[in-house]
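Participant: Sharing a model prediction with you, sequence too.
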Amino acid sequence: MIILNLQSPPPPPPLPATRVIAFTTPKNYAGRLSHLIHSKGWTPLWCPTVIVESTPQTISSIQRYLLLKNGQISSLQEFSAIAFTSRTGIAAFSEALAKIKTPPLAAHGEAFILSALGKDSELLDESLINKLCENPGRISVLVPPVATPTALVESIGLGQGKKVLCPVPLVIGLEEPPVVPKFLADLARKGWVPIRLNAYETRWAGRESVTQLVRRSEEEGGLDAIVFTSTGEVEGLLKSLEEMGLNWGMVRQRCPRMVVAAHGPVTAAGAETLGVGIDVVSSRFDSFIGVVDALAYRFKSFDS
């Protein structure tokens, strides 16, 4: 006699739940950070609270410094350096430069400094330099050892009355964080004449930007972490929560185990000033790898 086992096989064990990591980074940085989060086996939840982009008006503002006057020299020739504090500033400058037929800097003259932070300096490539000046040997690229505006000021040295062009954001709908005003003031104290150039805009993304974050915070799993990469993102989040009748304390109460991470000490200090406590600060902040690794280390301590 053959006996058949007609019972259904036991169900497979459930897949382990992945950690959900919210991040408020604007679109131009989101792909890189999302990839790094996913590479750790976590689930990225993108909730951009600010929009960072160039506009026709800001590109036009940059071009005023690049166009030749009377077919001879450009206003940029009056400067000795350009100090970039963000990747978006470099991208906007490069966009404006691409529309200029003649390099704005003369082939001969004193060394001209291009300075940027961390991995942002990758955009100061051969193509940009060749469009800036026919003699690339005149251009000196400076990357401070620590990716902060303060370190940039220290690395660029004494200005001795020379002019430095500073492509920075025009902040709309939010309070401007103290980072840029402090950067300009620090350059002035070093003897430079900093000229502010609103090269792109930083705008609040609206209340809808945090809908997914709020919805997730209401679910049983909640959020495992949230990552901020600028003070503006923190302010944008707080403004969006306020528009929805919520506040940061409510989110923390809903997600008591949520780790709050900041990409570097400047962002951490700005968040703390706005009343958002930071649990993890990346010690390596020349790229997003630092903050993701810091989160992984924190989670490892939880699991051990």
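Facilitator: In hand now; what should we look at?

Participant: contacting residues for residue 115?
Facilitator: 81-84, 141-144, 152, 155-156 (C-beta atoms under 8 Å, 6 or more residues apart in numbering). Every residue, glycine included, has its C-beta placed from N, CA and C.

Participant: any idea how far it lies from residue 278?
Facilitator: Per C-beta to C-beta, to the nearest Å, residue 115 is found 27 Å from residue 278.

Participant: can you check residue 111 too?
Facilitator: Applying C-beta to C-beta to residue 111 and residue 278 gives a distance of 39 Å.

Participant: With neighbour numbers in mind, choose between the two.
Facilitator: residue 278 (18 against 10; other C-beta atoms under 10 Å).

Participant: Where does the more buried one sit: helix, strand or coil?
Facilitator: Judged by DSSP: H, G, I helix; E, B strand; the rest coil, the three-state class of residue 278 is coil.

Participant: per-residue pLDDT, it?
Facilitator: pLDDT for residue 278: 97.

Participant: just checking, it touches residue 265?
Facilitator: No. With contacts counted by C-beta atoms under 8 Å, residue 278 stays clear of residue 265, the gap being 9.5 Å.

Participant: pLDDT weak spots in the stretch 201-304 of the chain?
Facilitator: For the stretch 201-304 of the chain, applying pLDDT under 70 flags the ranges 304.

Participant: residue ranges for the strands of it, please.
Facilitator: Shown for the stretch 201-304 of the chain, the strands assigned by DSSP state E, counting those that start in this stretch span residues 225-228, 259-262, 280-281.

Participant: partners of the first one, with directions?
Facilitator: To tie it back to what came earlier, the one meant is strand 225-228. strand 20-23 (parallel), strand 259-262 (parallel) (DSSP bridges).

Participant: Which residues lie in contact with residue 79 in this structure?
Facilitator: 65, 112, 162-165, 195.

Participant: whoops, I mixed them up, residue 209
Facilitator: Residue 209 touches 47-49, 236, 240, counting by C-beta under 8 Å, 6+ apart.

Participant: Leaving out sequence neighbours, find the closest residue to residue 109.
Facilitator: residue 138 (6.4 Å; C-beta to C-beta, 6 or more residues apart in numbering).

Participant: mind listing what the one you found touches?
Facilitator: Per C-beta under 8 Å, 6+ apart, neighbours of residue 138: 105, 107-109, 111-112.

Participant: quick one on the thing from earlier: turn the contacts of residue 209 into TSV, columns for neighbour count.
Facilitator: Output for those, formatted as TSV (neighbours: other C-beta atoms under 10 Å):
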residue	neighbour count
47	23
48	21
49	28
236	28
240	23
